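Take this sequence and fold it.
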Amino acid sequence: MLDWNIIIHYFPFLLKGALLTLQIAILSLVLGLAFGLGAALCKLTRNPFLRWPAIFYVWLVRSTPLLVQLFIIYFGFPQMGIDLGPFWSGVLGLALNVGAYNAETIRGGIVSVPAGQTEGARSLGMSGALTMRRIILPQALRIIIPPLGNNFIILIKDTSLVSTITLVELTLTAQRFIGSTYKPFEMYLMAAALYAVMTSTASLLLSWLEKRTRNEAR
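Residues are numbered from 1 along each chain as shown. Purely as a prediction, here's the structure:
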């Protein structure tokens, strides 16, 4: 039987943890989009000094577990004199991770735009950077919104891993109260419900954004 008194009493505390989780996810999303766009453009350039570091970054991140990446940033960076603290270590780790996946998504979207679009823009005297910003990226955006949305939803759930570096977000909040209440089912059930609300809300917003982008393209 569920202990509803426990749920009613501790729900506000878990909600506070969920708000921190959402904050981490949004900051990581913004940075991850920046990392992803930068890496995608670098992978598409012919300059080897930009292309190969971007290729290496995407390969390294996609080939190693997120948990290990978080440990390297939180526990390893201070050894080199870089101490970001749990919050920014978590944000940076998540951003670098999702950025690598975003890079492949964005690169695929850019490549899918017909080459004739670039040729037409160049014939009008547009520079490469201007063509990318005004012609290619707007068209690629309609293609990449769904997969980028999926990456964001995965990112929200991956924030649970930052509990391993002492960041008191939703998962660690639930774990701490389990130690004092001995009610793991109620605590994890509330945490799962809050994660479900966040990911479902994100899915609805992304669906709305996708439909709006399609309508504007018509």
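
For Lys183, which non-adjacent residue is spatially closest?
Excluding its sequence neighbours, the residue lying closest to Lys183 (C-beta to C-beta, 6 or more residues apart in numbering) is Ile6, at 5.1 Å. All C-beta spots, glycine's among them, are computed from the backbone N, C-alpha and C.

scratch that, Val30
With C-beta to C-beta, 6+ apart, the residue lying closest to Val30 is Ala95, at 7.9 Å.

show me what contacts that neighbour?
Contact analysis of Ala95 by C-beta atoms under 8 Å, 6 or more residues apart in numbering lists 27-32, 35.

for the one helix or strand the residue nearest to Lys183 maps to, packing partners?
Here Ile6, judged by DSSP states H and E, is contained in helix 4-44. Judged by 3 or more C-beta pairs under 8 Å, 6 or more residues apart in numbering; DSSP states H and E, the packing partners of helix 4-44 are helix 48-63, helix 85-112, helix 137-158, helix 170-181, helix 184-217.

elements contacting the shortest one?
In this structure, helix 170-181 packs against helix 4-44, helix 184-217, with contacts taken as 3+ C-beta pairs under 8 Å, 6+ apart.

CA-only coordinates of that helix in CSV, if you can.
Provided in CSV are the C-alpha atoms of helix 170-181 (Å, rounded to 0.1, in the frame of the first residue of the first chain):
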residue,chain,number,x,y,z
LEU,A,170,15.7,15.0,-8.3
THR,A,171,17.3,11.6,-8.1
LEU,A,172,19.7,12.4,-5.2
THR,A,173,16.9,14.2,-3.4
ALA,A,174,14.8,11.0,-3.5
GLN,A,175,17.7,8.9,-2.4
ARG,A,176,18.4,11.1,0.6
PHE,A,177,14.8,10.9,1.8
ILE,A,178,14.8,7.1,1.3
GLY,A,179,17.6,7.0,3.9
SER,A,180,15.4,8.7,6.5
THR,A,181,11.9,7.4,5.6
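
Which of the residues in that helix are classified as buried?
For helix 170-181, burial by neighbour count (16 or more other C-beta atoms under 10 Å) applies to 170-174, 177-178.

Let's have those residues in JSON lines, adding distance to Gly90 and pLDDT.
Shown next, in JSON lines, are those (distance: C-beta to C-beta, whole Å; pLDDT from 0 to 100):
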{"residue": "Leu170", "distance to Gly90": "13", "pLDDT": "95"}
{"residue": "Thr171", "distance to Gly90": "12", "pLDDT": "96"}
{"residue": "Leu172", "distance to Gly90": "11", "pLDDT": "95"}
{"residue": "Thr173", "distance to Gly90": "14", "pLDDT": "95"}
{"residue": "Ala174", "distance to Gly90": "17", "pLDDT": "95"}
{"residue": "Phe177", "distance to Gly90": "20", "pLDDT": "95"}
{"residue": "Ile178", "distance to Gly90": "21", "pLDDT": "94"}
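
that older thread, confirm for me that the residue nearest to Lys183 is in contact with Phe185.
No. Ile6 is beyond contact range of Phe185, at 9.6 Å (criterion: C-beta atoms under 8 Å).

which of these two has more neighbours?
A direct count of neighbours by other C-beta atoms under 10 Å for Ile6 and Phe185 places Ile6 higher, at 17 against 12.

give me the low-pLDDT residue ranges for the protein?
For the chain, applying pLDDT under 70 flags the ranges 216-218.
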